[in-house]
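Engineer: Next comes the sequence, and after it the predicted model I'd like to discuss.
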Amino acid sequence: MSIVFDRPHALVDKPLHYCPGCTHGIIHRLVAEVIDELGIEGKTVGVSPVGCTYNNYEYFNCDMVQAAHGRAPAVATGIRRSLPDNVVFTYQGDGDLAAIGTAEIVHAATRGERITTIFVNNAIYGMTSGQMAPTTLVGQVSTTTPFGRKPELHGYPVKVCELLSTLEGAVYIERVAVNNVQNIKKAKAAIKKAFELQLAGKGFTLVEVLSTCPTNWGMNPVKSIKWLEENMMPHYKLGVYKDISAE
Amino acid sequence: MSEKLLMKGNEVIAEAALRAGCRHYFGYPITPQTEVAHYMAKKMEQIGGVFVQAESEVAAINMVYGAASTGKRVMTSSSSPGISLKQEGISYSACAELPMVIVDVVRCGPGLGGILPAQCDYFQIVKGGGHGDYNLVVFAPSSIQELYELVVHAFNVADQYRNPVVILGDGYLGQMMEAVEFKDEEVINKVEKPWATVGTNMEREHNVITSIYIEADVLEAHNNKLQAKYRAIEANETMVEEFNCEGADVIVTAYGTVARIVKNVIKDAAKEGIKVGLIRPITLWPFPKASFEKYAETPKGFLCVEMSAGQMVEDVRLAINGKNSVDFHGRTGGNVPSQKDIMAIVREIAARK
């Protein structure tokens, strides 16, 4: 008998604490598989955010640094500038990256920091129990938009890939989703490419992953995937927004 | 042969850091400390070090947090309003036990205040400023020579205790020029940093730098560990200058630039037959309580002089603990206590029965 499917070495053998149906587990696994395939675990330093994945330093086998809310790109800058031959990634949610940490992500990209950001967008604050995120869709109900997000009161959902792809320091920006097997494979390819471009010293790379939050959306996992496809994907269009290696 | 140069305080801060082996600097421009960044920008590029002008003080302190996580000697500098912004990162760094040197060249406040020198950051640096139970080691130099020596020392203390260390200087120290004599070679304590996140190289368990401990008992245990460290720092690292205190009629206490004014008062007073002593805390934390306890009942009264509305005076009163009177004289807004005004209060205290 031979083992054909196993836990990636870069992932600690420990049960994840995420809610049933949450796609963080899939995304963690994809990042770990990429680290394994590139053989970079020993020289990778990851940065954990504040949010549901605040303690994903317990799940990744590489060295990990936990950052203050939104500050992961600044922390990663300090690490990467200190370790020019290593690999540094941040793993951030939409509140962390697109609200409180907007300045840090924009300027890390502007400077072309050689880091890779895994940006998980589930259109809501998970850990603090379902408040409006900067990426919450118009009309979407949250605990702080109880009657739905209204542009005249709450503004519009921010499109991070579109925003960051205008910056010269960003070399690779792609939006993917983990709603089906085909897209999960594409997501992995995007994450791998981002790490490869970092290894090549090209500049800032970011992969936005559309994700679900069944608990705070108030749906079961199957309905959540459907909601993501019908509501998030039309607004947050999948695709490569910037790729200097293709230019 | 050691080198003696005429240099501006802010440049001495940067030069001292480089001599201490600091090759990583992250900052954001703010008056009156920006020359630190100018010096670093030039030198770091020349010697292959790291200089990053961050997008904000918030980002700068978090870059320091990242660099310190890798075990590198790292510094940031700012001035009062900028330090307020750094406080989040300072609290996290204290909890994560990251060695770093933070320079605060204090200007007058509150608010945007002004750009003139002050000592009104005592509370925000010595008493926390950020959230939680933590302490920073705080050095308060009063000359450019001492500024140089304490910056080098600060890096050693930071590494030894895995703790952020602050150089608290007023705007005068940053802006004035004075002779400084550099040593041929600095004393650099090489401290092993097996905790640093530099990559496992697949040879060890992963390292984690964090400041979050969700479980009550685990966080309390971490707090107890921090407190034990702070007690060790109190026992070993307190620095103070006691001058002319034996049999003094009046003991004045002041730190930084103000202590230099007091030394002139001591000369003036001697001409009038009044013996004035000086207790000059060099570490504001740990506070040199023992010096105050030792002389608590010696003079007719104590006088605390600051370029603030009265901040260090609270620690002086705690140290004296009711055994003597503690008067206060302070100026704000960038004004400086004058020799004349201090002398008038000294005369009044000396005349007490």
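Structural biologist: Yes, it's here. Residues are numbered from 1 along each chain as shown, chains lettered A, B, ... in the order given.

Engineer: list the contacts for B:Ala254?
Structural biologist: B:261-262, B:278, B:280, B:304-306 (Cβ atoms under 8 Å, 6 or more residues apart in numbering or on different chains). Heads up, the C-betas are built off the backbone N, CA and C, glycines and all.

Engineer: Repeat that for A:Thr215.
Structural biologist: A:19, A:22, A:126, A:130.

Engineer: before we move on, what about A:Cys161?
Structural biologist: Residues near A:Cys161 by Cβ under 8 Å, 6+ apart: A:173-175, A:206, A:208, A:236, A:241.

Engineer: Go again with 10 Å.
Structural biologist: Counting by Cβ atoms under 10 Å, 6 or more residues apart in numbering or on different chains, A:Cys161 touches A:119, A:121, A:170, A:173-176, A:206-208, A:236-242.

Engineer: can you check B:Ser143 too?
Structural biologist: By Cβ under 10 Å, 6+ apart, the contact list for B:Ser143 reads B:9, B:149, B:173, B:176, B:178-180, B:256-257, B:259-260.

Engineer: Could you look up the SS state of the residue positioned nearest the centre of chain A?
Structural biologist: Centroid-nearest residue in chain A, with Cα atoms, centre = their mean: A:Phe119, separated by 2.1 Å. Here A:Phe119 is strand, with the state taken from DSSP: H, G, I helix; E, B strand; the rest coil.

Engineer: What's opposite the closest residue to it other than its chain neighbours in the beta bridge?
Structural biologist: Nearest non-adjacent residue to A:Phe119, counting by Cβ to Cβ, 6 or more residues apart in numbering or on different chains: A:Glu208, 4.5 Å away. Beta-bridge partners for A:Glu208, by DSSP bridges, are A:Phe119, A:Arg175.

Engineer: wouldn't A:Glu208 be in contact with A:Lys159 here?
Structural biologist: Yes. Judged on Cβ atoms under 10 Å, A:Glu208 makes contact with A:Lys159 at a distance of 9.1 Å.

Engineer: Which one of the two is surrounded by more residues?
Structural biologist: It is A:Glu208, of A:Glu208 and A:Lys159, that has more neighbours when counted by other Cβ atoms under 10 Å in any protein chain shown, with 28 against 19.

Engineer: From chain B, how far off is that one?
Structural biologist: Per Cβ to the nearest Cβ, to the nearest Å, A:Glu208 is found 21 Å from chain B.

Engineer: and the gap between that residue and B:Ile115?
Structural biologist: 42 Å (Cβ to Cβ, to the nearest Å).

Engineer: what's the longest helix in the chain?
Structural biologist: As the question left the chain open, I've gone with chain A. In chain A, with assignment by DSSP state H, the single longest helix is helix A:181-199.

Engineer: hm, I was asking about chain B
Structural biologist: For chain B, the longest helix by residue count, based on DSSP H, is helix B:216-237.

Engineer: ranges for the strands of chain A?
Structural biologist: For chain A, strands defined by DSSP state E occupy the ranges A:44-48, A:63-66, A:87-93, A:116-121, A:170-177, A:204-210, A:239-243.

Engineer: and these as TSV, adding mean pLDDT?
Structural biologist: Shown next, in TSV, are those (pLDDT from 0 to 100):
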stretch	mean pLDDT
strand A:44-48	98
strand A:63-66	98
strand A:87-93	98
strand A:116-121	98
strand A:170-177	98
strand A:204-210	98
strand A:239-243	98
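
Engineer: Tell me which of these lies nearest to B:Ile251.
Structural biologist: Proximity to B:Ile251, assessed across those by Cβ to Cβ, is greatest for strand A:63-66 (46.8 Å).

Engineer: Just the CA trace of that closest one, in CSV.
Structural biologist: Taking C-alpha atoms only, strand A:63-66 is exported to CSV below (Å, rounded to 0.1, in the frame of the first residue of the first chain):
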residue,chain,number,x,y,z
ASP,A,63,8.8,30.3,11.6
MET,A,64,5.9,32.6,12.4
VAL,A,65,5.4,36.1,13.7
GLN,A,66,2.0,37.4,15.0
